[in-house]
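Trainee: the following block contains a protein sequence and its predicted model.
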Amino acid sequence: MSRRVLPLLLLLAGCVSMPPEPRLQSVVRPTQAEQTPFSLFGRVIVRHHEERSSSSVRWVHRIGTDEVLLLGPLGQTVARIHRNPEGAVLDTASEHHAGKDVDVLTQQMLGWRLPLSGLRYWVLALPAPSGTFEVRRDGNGQVDWLSQDGWVIRYTRYAAPLPDSLPLRITLQRDGLEIQLLIDEWEI
């Protein structure tokens, strides 16, 4: 082969390669989400069958604890959800409720299930360490779809086009319930 043809073939071979297809992964990988404190501020939109509600949300996650504030239009706290190893508490302006699990407590008190046990991982675009899951990544290496514990989680916007960027728009769906989380501010 002549010296002129080889560089041309190498150049053409580089042009022909296709971007990688989104891929599914179903192998559990270790995560550091439980040890990664974070806080976020944004909005949450909940659609449950025919009902729709929205509020601002402030979520502070620390090792072993979570505090989620659902805020009204003027910034007043509508509901406070607190989780620690002993259980969960949901407070409103006039009521105080305690239980073992945030998911069950929010279902009983708000009429929809907040999957906080998995969400503390999913909000970081990571699968929860327990249970099987499927993940699809886009061409940038970012998670665009995750399925775990009966939930389908879609990631539609990230802070930057890098594989380790934080998500800004997340939609969770399960059994007629859709929760959209629109994150305006992250602190890690």
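Mentor: Ah, there it is.

Trainee: contacting residues for residue 47?
Mentor: 177-178, 180 (Cβ atoms under 8 Å, 6 or more residues apart in numbering). C-beta here means a position set from N, CA and C on the backbone, and glycine is covered the same way.

Trainee: with residue 165 instead?
Mentor: Counting by Cβ under 8 Å, 6+ apart, residue 165 touches 142, 158-159.

Trainee: cutoff 10 Å now
Mentor: Going by Cβ atoms under 10 Å, 6 or more residues apart in numbering, residue 165 touches 125, 140-142, 157-159, 186.

Trainee: which one of the residues you listed is nearest to residue 81?
Mentor: residue 186 (19.3 Å; Cβ to Cβ).

Trainee: got a pLDDT number for the closest one?
Mentor: pLDDT recorded at residue 186 is 97.

Trainee: gap between it and residue 123?
Mentor: Computed as Cβ to Cβ, to the nearest Å, the residue 186 to residue 123 distance reads 9 Å.

Trainee: what mean pLDDT does stretch 51-58 get?
Mentor: 95.

Trainee: buried residues in it?
Mentor: 55-58 (16 or more other Cβ atoms under 10 Å).
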